[in-house]
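Colleague: What would the 3D arrangement of this be:
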Amino acid sequence: MTRIRIRVNGVVESLDIEPWVSLLDALRDHLGLTGPKKGCDQGACGACTVLADGVRINACLALAMQYADKEITTIEGIAKDREDTHPMQQAFVRHDGLQCGYCTSGQICSAVAMLAEHAAGMPSSVTSRQGGTHLTDDEIRERMSGNLCRCGAYNGILDAIKDVAAQEAP
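Modeller: Down below sits the predicted model:
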């Protein structure tokens, strides 16, 4: 066992874990956070997406030890508090961007980070074809392509992201 310190949703936690424990398993099994989901456990579905120092990652592919002394934000920590939900959470509800809800926490974490990436000028493969950084539907779809929704709520997800992007635009 190895002891690590990890900051999760603003709280410093000490964990005694084996070196091979994934970040997802540490969050779910050791800290009791059920927001990040174990979907494919291979990094293909995005249900486990969390933010590590603001960057989206697949927690099922990351070893918890790699994230010692990092800030991890899960869906449980994306809002300021229970009464003040994040604008992306509000938009997902408003635009029907969820059905069964299994992928929703990963979708929301990914969407929040994706908008930050776009705002920072990080290109995608669509950006280079379009010759700019305008946030088109194709641009959003490309940037969110690592998050799958088996229910097919993609139109609502797209509308939710566009809604928040419009609110954040200068």
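Colleague: Between the two ends of stretch 64-71, what distance do you get?
Modeller: End-to-end distance of stretch 64-71 (CA to CA, to the nearest Å): 12 Å.
Colleague: Any idea how far that stretch is from the middle of the chain?
Modeller: Averaging C-alpha positions (CA atoms, centre = their mean, to the nearest Å) puts stretch 64-71 16 Å from its chain's average.
Colleague: now this structure, which segments are flagged as low pLDDT?
Modeller: The chain contains residues with pLDDT under 70 at 128-133, 170.
Colleague: Could you report the separation of the most centrally placed residue in it from Gln99?
Modeller: Geometric centre of the chain, nearest residue: Cys109, 2.4 Å, by CA atoms, centre = their mean. Going from Cys109 to Gln99 by CB to CB, to the nearest Å gives 18 Å. All C-beta atoms are positioned from the backbone trio N, CA, C, and that covers glycine.
Colleague: With Ala52 as the reference, measure out to Arg3.
Modeller: Per CB to CB, Arg3 is found 19 Å from Ala52.
Colleague: Those two: which has the busier surroundings?
Modeller: More neighbours surround Ala52 than the other of Arg3 and Ala52, with 18 against 9 (other CB atoms under 10 Å).
Colleague: Surely Thr2 and Val21 touch.
Modeller: No - using CB atoms under 8 Å, Thr2 makes no contact with Val21, being 9.2 Å away.
Colleague: Find residues that contact each of the two.
Modeller: Met65 (CB atoms under 8 Å, 6 or more residues apart in numbering).
Colleague: So for those two, which residue has more residues nearby?
Modeller: For Thr2 versus Val21, neighbours defined as other CB under 10 Å are more numerous around Val21 (19 against 12).
Colleague: From Pro123, how far off is the closest residue to the more buried one other than its chain neighbours?
Modeller: Nearest non-adjacent residue to Val21, counting by CB to CB, 6 or more residues apart in numbering: Ala64, 5.1 Å away. According to CB to CB, Ala64 stands 31 Å off from Pro123.
Colleague: Compare neighbour counts for those two and give me the winner.
Modeller: The neighbour comparison of Ala64 against Pro123 (other CB under 10 Å) goes to Ala64, with 25 against 14.
Colleague: Now the phi/psi pair for the more buried one, please.
Modeller: phi -60, psi -40 (degrees, to the nearest 10).
Colleague: contacting residues for it?
Modeller: 4, 6, 15, 17, 21-23, 25-26.
Colleague: run the last query once more with 6 Å
Modeller: Counting by CB atoms under 6 Å, 6 or more residues apart in numbering, Ala64 makes contact with 17, 21, 23, 26.
Colleague: and Glu139, how far is that from Ala120?
Modeller: Distance of Glu139 to Ala120, computed by CB to CB: 14 Å.
Colleague: I appreciate the help and will end here.
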